[in-house]
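J.: Got a predicted structure here, sequence first:
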Amino acid sequence: MNNLIQYILGIADNALILGQRLGELCGHGPSLETDIAMTNISLDLLGQTRSYYQYVAKMQGGEATEDTVAFLRLEREYKNVLLVEQPNTDFGYSIARQFLFDVFHLALLEELQNSKDEMLAAIAKKSIKEVLYHTRFSSDWIKRLGDGTEESHNRIQTAINDLWIFTDELFHQTDADKAMVTEGIGVDTSLLKSNYYKKVSGILDEATLQTPVVEYFQKGGKQGIHSEHMGFILTELQYMQRTYPNMTW
Amino acid sequence: MKNWPLWEVFIRSKNGLEHRHCGSLHASDATMALENARDVYTRRMEGVSIWVVPSAQITASNPENNGETFEPAMDKAYRHPTFYELPEELKHM
């Protein structure tokens, strides 16, 4: 059961942290329309997170609730990839991060629908429509910015280049992940990799952008070893529960 | 983004009903206008279909001409079909 919990956290924490990052844009989006669009995506992701955490809390039993899973863990206990914790440096970075995650997320959920774990399969089935839209939204923006003005082209290319080093980690597998794959519950992400890069490159091509080539990729998030941004995200995320323990509303 | 053209948004709330104007928004092209309309105007299950129309394509009546345009209709109550006896079974007329 512990492997299953760890496996689910590996998926759910991505949605939580990316949802939190997008939530920061509430009231700060570049236009009213994109502001609402990105906070909609944030809420989709937080809704998905809740389904996963409720399931985890049920397995943990005792006093555990979706809130304790979300708010009362230490940094090392969050298993999200480094990509989703990267900051909203500018609109280009927010879109690039979203795009690089969405393409992976969609492929993952497509496979997770066939999980032997009925609950996971059901969550995946419900989430996939939302993520289809996220992928459309971020892909369209990649093309618009890449094929837009010289300024937008340069800035989205810079964001893609900077975030590219975090893409390989999406396909890393922890021991818990491997155990779940063996049991037919988890998705073998190594099988998604070549298609992912093919799809991403295709859209970058269409957007007149270069697909970066790098030798060294960053990793660590899936093991709980996060970038310096993570502490700040958790400070904001956990503030209420840490300051007023057990508070409800 | 200040230079994005304005679009008028029409939403059909149910199959069988007509599209109704619900607001406007900015977008650089029709695809983006549809996506923005989806995000801004259908977050609470308001619709099953969206139309977007460039606001510039709408020809509007001039408020300065409201007198001759609308006022002549004001005292012509006989144009309302309210003087007919309706059978009991007829509802929703």
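T.: Looks like it arrived, so ask away. Numbers count the residues shown, from 1 in each chain, chains lettered A, B, ... in the order given.
J.: which residue ranges form the helices in the chain?
T.: Let's take chain A. A:2-23, A:32-60, A:66-71, A:82-85, A:91-112, A:118-146, A:150-164, A:175-182, A:193-206, A:229-243 (DSSP state H).
J.: actually it's chain B I care about, not the one you picked
T.: For chain B, applying DSSP H gives helices covering B:30-41, B:66-70.
J.: Ok, which of the helices of chain A comes nearest B:G67?
T.: helix A:32-60 (36.5 Å; CB to CB). In this view, the C-beta of every residue, glycine as well, is placed from N, C-alpha and C.
J.: any idea how far the closest one is from the chain center?
T.: On the basis of CA atoms, centre = their mean, to the nearest Å, helix A:32-60 sits 11 Å off its chain's mean C-alpha point.
J.: now swap in stretch B:9-18 and tell me
T.: The answer for stretch B:9-18 is 10 Å, by CA atoms, centre = their mean.
J.: Kindly report the same for stretch A:176-190.
T.: 18 Å.
J.: what number of residues lie near the residue nearest to A:R155 when sequence neighbours are not counted?
T.: With sequence-adjacent residues excluded and distances taken as CB to CB, 6 or more residues apart in numbering or on different chains, A:R155 is closest to A:G92, at 4.2 Å. Per other CB atoms under 10 Å in any protein chain shown, the neighbour tally for A:G92 reads 25.
J.: what sits against A:D35?
T.: A:25-29 (CB atoms under 8 Å, 6 or more residues apart in numbering or on different chains).
J.: Go ahead and build a ChimeraX selection from the buried members of those residues.
T.: The following ChimeraX line selects those of the contacts of A:D35 that are buried, judged by 16 or more other CB atoms under 10 Å in any protein chain shown:
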select /A:25,29
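J.: Looking at the contacts of A:D35, spot the one nearest A:H134.
T.: A:L25 (14.2 Å).
J.: does any part of stretch A:94-101 sit near chain B?
T.: No - Stretch A:94-101 is not in contact with chain B by CB under 8 Å from any CB of the partner chain; minimum separation 13.0 Å.
J.: Pull the contacting residues for A:L16.
T.: Here A:L16 is in contact with A:45-46, A:49, A:53, A:70, A:78, A:80, A:237 (CB under 8 Å, 6+ apart).
J.: Make a PyMOL selection of the buried ones in those residues.
T.: Applied in PyMOL, the following selects the buried portion of the contacts of A:L16 according to 16+ other CB under 10 Å:
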select buried, chain A and resi 45+46+49+53+70+78+80+237
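J.: list the contacts for residue 3?
T.: I went with chain A, as the question did not name one. A:N3 touches A:175-176, A:179-180, counting by CB under 8 Å, 6+ apart.
J.: rerun that using 6 Å as the cut-off
T.: A:176, A:179 (CB atoms under 6 Å, 6 or more residues apart in numbering or on different chains).
J.: Any idea how many residues pack against A:V81?
T.: 27.
J.: How about the contacts made by the residue of chain A most remote from its centre?
T.: Distance from the C-alpha centroid of chain A peaks at A:E150, with 29.1 Å (CA atoms, centre = their mean). With contacts defined as CB under 6 Å, 6+ apart, A:E150 has no neighbours.
J.: And the pLDDT for the closest residue to A:K125 other than its chain neighbours?
T.: The shortest distance from A:K125 to any non-neighbouring residue, by CB to CB, 6+ apart, is to A:Q113 (5.2 Å). A:Q113 is assigned a predicted lDDT (pLDDT) of 97.
J.: wait, doesn't A:Q113 sit right on A:A124?
T.: Yes - at 4.6 Å, A:Q113 counts as touching A:A124 under the criterion of CB atoms under 6 Å.
J.: who has more neighbours, those two?
T.: Legend: neighbour count by other CB under 10 Å for A:Q113 and A:A124, higher for A:A124 (23 against 17).
J.: Now for the more buried one: which residues touch it?
T.: Per CB under 6 Å, 6+ apart, neighbours of A:A124: A:109, A:112-113.
J.: and if we set it to 8 Å?
T.: Neighbours of A:A124 in contact, by CB under 8 Å, 6+ apart: A:109-110, A:112-113, A:115.
J.: Kindly report the residues of chain B close to chain A.
T.: B:1, B:4, B:25-28, B:31-32, B:35-36, B:38-40, B:43.
J.: for the helices of chain B, which one sits closest to B:A56?
T.: helix B:30-41 (12.5 Å).
J.: What are the contacting residues of the closest one?
T.: A:32-34, A:36-37, A:40, A:133, A:136-137, A:140, A:144, B:7, B:9, B:11, B:22-23, B:25-27, B:47, B:50, B:52.
J.: repeat that for 10 Å
T.: Helix B:30-41 has contacts (CB atoms under 10 Å, 6 or more residues apart in numbering or on different chains) with A:31-41, A:133, A:136-137, A:140-141, A:143-144, B:4-11, B:22-29, B:47, B:50-54.
J.: Pull the contacting residues for A:E77.
T.: A:6, A:9, A:13, A:69, A:224.
J.: Mind pulling up the pLDDT for it?
T.: 97.
J.: and if you look at the one 4 residues further on?
T.: According to the prediction, A:V81 has pLDDT 98.
J.: how many other residues sit next to the nearest residue to A:Q86 once chain neighbours are set aside?
T.: Sequence neighbours aside, A:R97 is the residue nearest to A:Q86 in space, at 5.6 Å (criterion: CB to CB, 6+ apart). Per other CB under 10 Å, the neighbour tally for A:R97 reads 26.
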